[in-house]
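Enquirer: Here is the input, now give the coordinates:
(chains A and B)
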Amino acid sequence: MARKGLWAINIVILLCLLASIGAIYSLTSKAPSFMLSCSSELFNHEVGTVDSDHYLLVDLVSKDGLAQINYRYYDLEGNSAGTLAMTGKVNKIDAQRQMYDISVTTKQEYLGGSSFETPAHYEYLSYVSGINLNKNGMHSLSIQVLERDETKDYAVVLFQPSNTVCGCRLVH
Amino acid sequence: MQLGHCRFNIDNGELINQETGVVWHLPRAELHVLTLLVEYQGKVVAKPLLESGHEDDSHLSSASVARAIFTLRSFLGPQYETLIETVKGQGYLLRHHRARKETDNKLGRVFIRPLQALLVVIALISVSLVSLWWFNQVGHAVSPTMPLSIETATLDSGQQVDVILYSPSNTNNELLIDQGQQLTQSLLDCTETVWNRAFLSLSHDKQVLNITLRGDYFGQSIIRNLKISDLRQPKRFINPEWLEQVNICDSLPVRLASSHRTQGR
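Expert: Now for the predicted structure:
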């Protein structure tokens, strides 16, 4: 076989191996860990009643490709008004566009005591996460980072499909 | 003995072209010269030795040797005629180079099929992995949501606040735009504010308005999130009075807003 032919085969094999290594690394590399903590004031306008106010704490933790999102609702006296705990996996991270694609596989809902009013946002989130379940029983969620400052440890993110903008602390 | 694509049969004195099948029964001079060259392959065979008799006492002239070399080269063909090299002033040399190359070819023929098969397998695996990677990249591609509008409110103090609206659709955004204008107006009414950016988004079903305020307070980064649900129709998430009530300008939003709300009840 001609020497040039052997070189061509060697280069093709080398390129194939390099492409394979790159693809394997990309497919098997685990998503980086991060934790967001977001605090929100909740208001609910209803006909004929005064505004009911709660506040919401959202913790979003991602580690080793798994994700956990906890929504904790409290009234202004500090009584728990409900919790939504979601777990899932991080499908994809688009570092360039600062987007995180998460599939929520399990959802657990805990209401506060019967004497406490259920926050409207809790009911809304419970409903939305239910209707967005796909055929595999997963709720697809994407988080887009709109603004981020690592030195000040904050990020403003946009949750889809609910189209919810939220400012969060980056927790190390 | 293989010479290029020819096979030299010393016993029969024949040179056989294996590609064309032509058999050349070598004349005495050519047989003598080639036999000596093969015997001393890789070494220079001196002209006097070539001219001397080999197995008999016959003697070849210098011209006969030169002609024998010429005819042998012609039979080997242009591809392999350089196997017989003229060493100026000394004699002729039968090179190993082509013969070794032929051996490589034999080895190549033996290994060519496994090598090709291996190459095909590697290529298939590589294409599969790259395809998997590509589908993984493209399959879950979600395009980022771009701002619907960015408006800058300049306060009397000269401070500027960017009001940025986000919507997943370009249709029926008048409610979000109206709420953005209400917030801008309230911010313009502030004497001063800690906020330098306000993000607004309305849930896809227009039931929840989300406001995120971002600013700095004595070098500290501060963030305030407000999520307003309104099931009424028409929706009136925010208005200047309500925003004043929740102390939208203030640097200590939660505590002051709570006290305002308590007072408002």
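Enquirer: CA only for contacts and neighbour counts going forward, please
Expert: Fine.
Enquirer: what about residue 126, how many residues close to it?
Expert: This is for chain A. Number of residues near residue A:126 (other C-alpha atoms under 10 Å in any protein chain shown) recorded here: 15.
Enquirer: wrong one, chain B
Expert: The number of residues packed near residue B:126 is 23, by other C-alpha under 10 Å.
Enquirer: Listing partners with orientation, what would you give for the longest strand along chain A?
Expert: The longest strand of chain A (DSSP state E) is strand A:80-94. Applying DSSP bridges, strand A:80-94 is found paired with strand A:66-75 (antiparallel), strand A:99-111 (antiparallel).
Enquirer: got the buried residues for the last one?
Expert: Of the residues in strand A:99-111, those scored as buried under the neighbour-count criterion (16 or more other C-alpha atoms under 10 Å in any protein chain shown) are A:99, A:100, A:101, A:102, A:103, A:104, A:105, A:107, A:111.
Enquirer: neighbouring contacts of whatever helix or strand comes next after that strand?
Expert: Of the helices and strands lying after strand A:99-111 in sequence (DSSP states H and E), the nearest is helix A:120-131. When contacts are defined by C-alpha atoms under 8 Å, 6 or more residues apart in numbering or on different chains, helix A:120-131 is touched by residues A:42, A:44, A:73, A:82, A:84, A:109, A:139, A:162, B:208, B:229.
Enquirer: now do stretch A:69-83
Expert: Residues beyond stretch A:69-83 that count as contacts (C-alpha under 8 Å, 6+ apart) turn out to be A:53-61, A:84-87, A:109-113, A:116-119, A:122.
Enquirer: List buried residues within those.
Expert: A:53-61, A:84-87, A:111-112, A:117-119, A:122.
Enquirer: Longest helix in chain A, by number of residues?
Expert: Longest helix of chain A, by residue count under DSSP state H: helix A:3-28.
Enquirer: Mind listing what's buried along that helix?
Expert: Neighbour count says helix A:3-28 has A:13, A:16, A:17, A:19, A:20, A:22, A:23, A:24, A:27 buried, by 16+ other C-alpha under 10 Å.
Enquirer: Report the contact partners of the closest residue in space to the fifth one that isn't next to it in sequence.
Expert: Closest residue to residue A:20 apart from its sequence neighbours, by C-alpha to C-alpha, 6 or more residues apart in numbering or on different chains: residue B:126 at 5.1 Å. Listed by C-alpha under 8 Å, 6+ apart, the contact partners of residue B:126 are A:16, A:17, A:19, A:20.
Enquirer: Okay, now the unreliable bits of the stretch 1-150 of chain B?
Expert: B:53-57, B:97-112, B:136-142 (pLDDT under 70).
Enquirer: isn't residue A:34 right up against residue A:63?
Expert: Yes: using C-alpha atoms under 8 Å, residue A:34 makes contact with residue A:63 at a distance of 6.8 Å.
Enquirer: And the helices in the stretch 151-265 of chain B, which stretches?
Expert: Assigned by DSSP state H, counting those that start in this stretch, the helices in the stretch 151-265 of chain B fall at B:174-188, B:240-245, B:253-264.
Enquirer: Out of the ones you listed, which gets the lowest mean score?
Expert: When the helices of the stretch 151-265 of chain B are compared on mean pLDDT, helix B:253-264 scores lowest, with a mean of 43.
Enquirer: Mark out where each domain of chain A begins and ends.
Expert: Per automatic domain parsing, the domain ranges recorded for chain A read A:1-29, A:34-170.
Enquirer: Using JSON lines, lay out those domains together with mean pLDDT.
Expert: Listed next are the domains of chain A as JSON lines, based on pLDDT from 0 to 100:
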{"stretch": "domain A:1-29", "mean pLDDT": "77"}
{"stretch": "domain A:34-170", "mean pLDDT": "86"}
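Enquirer: how about TSV for those, with distance to residue B:222 added?
Expert: Below are those laid out as TSV (distance: least, C-alpha to C-alpha, whole Å):
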stretch	distance to residue B:222
domain A:1-29	34
domain A:34-170	9
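Enquirer: who wins for proximity to residue B:133 among these?
Expert: Ranking these by proximity to residue B:133 (C-alpha to C-alpha) places domain A:1-29 first, at 5.7 Å.
Enquirer: Work out the gap between that closest one and the centre of the chain.
Expert: Distance, stretch centre to chain centre, for domain A:1-29: 37 Å (C-alpha atoms, centre = their mean, to the nearest Å).
Enquirer: burial measure for residue 146, as a count.
Expert: No chain was given, so I picked chain A. Going by other C-alpha under 10 Å, the residues that sit close to residue A:146 add up to 20.
Enquirer: wrong one, I was asking about chain B
Expert: Neighbour count of residue B:146, defined by other C-alpha under 10 Å: 12.
Enquirer: How about it: what's its closest non-neighbour residue?
Expert: Residue nearest to residue B:146 in three dimensions, not counting chain neighbours: residue B:166, with 6.8 Å by C-alpha to C-alpha, 6+ apart.
Enquirer: try residue B:96
Expert: Leaving aside its chain neighbours, residue B:96 sits nearest to residue B:42 (5.7 Å; criterion: C-alpha to C-alpha, 6+ apart).
Enquirer: As a markdown table, the buried residues of strand A:99-111 with distance to residue B:182 would be great.
Expert: Shown next, in a markdown table, are these (distance: C-alpha to C-alpha, whole Å):
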| residue | distance to residue B:182 |
| --- | --- |
| A:99 | 30 |
| A:100 | 32 |
| A:101 | 33 |
| A:102 | 34 |
| A:103 | 36 |
| A:104 | 36 |
| A:105 | 39 |
| A:107 | 36 |
| A:111 | 34 |
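Enquirer: Between the residues you listed, which sits nearest residue A:38?
Expert: The closest of the buried residues of strand A:99-111 to residue A:38 turns out to be residue A:100 (C-alpha to C-alpha; 16.5 Å).
Enquirer: Kindly provide the distance from residue A:69 to residue A:58.
Expert: The spacing between residue A:69 and residue A:58, counted by C-alpha to C-alpha, to the nearest Å, is 7 Å.
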